[in-house]
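**Q** fold the following, please.
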Amino acid sequence: MTSLSGGKDDPRRRAIKSKIRVVPDFPKPGIMFQDITTLLLDPNVFKDTINLFVDRYKGNNITVVAGIEARGFIFGPAIALAIGAKFVPLRKPGKLPGRVMSEEYVLEYGRDCLEIHVGAVEKGDRALVVDDLIATGGTLGAAMSLLERAGAEVVECACVIEIPELKGREKLNGKTLFVLVESH
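**A** Modelled structure (predicted):
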């Protein structure tokens, strides 16, 4: 992937990190929730977040941006429009009408599932998977598996935040993960 700017010392990254609110014990005791809704309240920082991703992916022949429900829907469509790709939502069970493909996965607190419309991606599509955060990597791993089963080549995964101590990268089978900031 090319990157015109946006290195780790980029002041935009520092601004992004400063706008992420950490909420202790949400949604359950012991979790330090990384809340991106406070980032969205600052139009300049929100725009910088999108632009850092666009700078990385523009001109890299990405044909599909797949956003993971729900916060991947915030960043994914804007990235897709800016780089000239289609946006494909990866949803929780029962949210997509019509025929779907499903992928179950294990979370640190149980099981979940992602679905995609049959025919949303085609053989030869080059996909970028977008979400707000990577923790244990289960959700991104399931998204990659689902897209590959549907015929796409997953080029990379992109998240705003990474919680490195949870070692989510290890579940991505060597696929490149691009993140803007590490958790507080």
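
**Q** so where's this structure shaky on pLDDT?
**A** Residues of the chain meeting the criterion pLDDT under 70: 1-5, 108-109.

**Q** try 90 this time
**A** In the predicted model of the chain, residues 1-9, 28, 31, 106-111, 171, 173, 184 satisfy pLDDT under 90.

**Q** show me where it has its helices.
**A** Listed in chain order, the helices of the chain (DSSP state H) span 11-19, 37-40, 43-57, 72-83, 138-149.

**Q** who's in contact with the longest one?
**A** If you take CB atoms under 8 Å, 6 or more residues apart in numbering as the criterion, helix 43-57 is touched by 1-6, 10, 12-13, 15-16, 19, 39-40, 75, 78-79, 82-83, 128, 130, 156, 158, 160, 178, 180. Glycine gets a C-beta too; all of them are placed from N, C-alpha and C.

**Q** buried residues in stretch 150-162?
**A** For stretch 150-162, the neighbour count (16 or more other CB atoms under 10 Å) marks 150, 152, 154-162 as buried.

**Q** hmm, what's the outermost residue in the protein?
**A** Ranked by distance from the centre of the chain (CA atoms, centre = their mean), the top residue is Pro29, with 24.9 Å.

**Q** show me what contacts the closest residue to Phe178 other than its chain neighbours?
**A** Using CB to CB, 6 or more residues apart in numbering and skipping residues adjacent in sequence, the residue nearest Phe178 is Ala158, 4.7 Å away. Contact partners of Ala158, counting by CB under 8 Å, 6+ apart, are 53, 56-57, 79, 128-131, 177-179.

**Q** what separates Ala158 from Ile68, distance-wise?
**A** 11 Å (CB to CB, to the nearest Å).

**Q** so what sits against both of those two?
**A** Common contacts of Ala158 and Ile68 (CB under 8 Å, 6+ apart): 129-131.

**Q** for those residues, give me CSV that also has distance to Ala143 and neighbour count.
**A** Below are the shared contacts of Ala158 and Ile68 laid out as CSV (distance: CB to CB, whole Å; neighbours: other CB atoms under 10 Å):
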residue, distance to Ala143, neighbour count
Val129, 5, 31
Val130, 9, 31
Asp131, 8, 26
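
**Q** just the closest of those residues to Leu90, please.
**A** Val129 (7.9 Å; CB to CB).

**Q** that closest one pairs with what?
**A** Ala66, Cys157 (DSSP bridges).

**Q** list the contacts for it?
**A** With contacts defined as CB under 8 Å, 6+ apart, Val129 is in contact with 66, 68, 72, 90, 140, 143-144, 147, 154, 156-158.

**Q** farthest pair within those?
**A** Taking CB to CB, no two of the contacts of Val129 sit farther apart than Leu90 and Glu156, at 15.4 Å.
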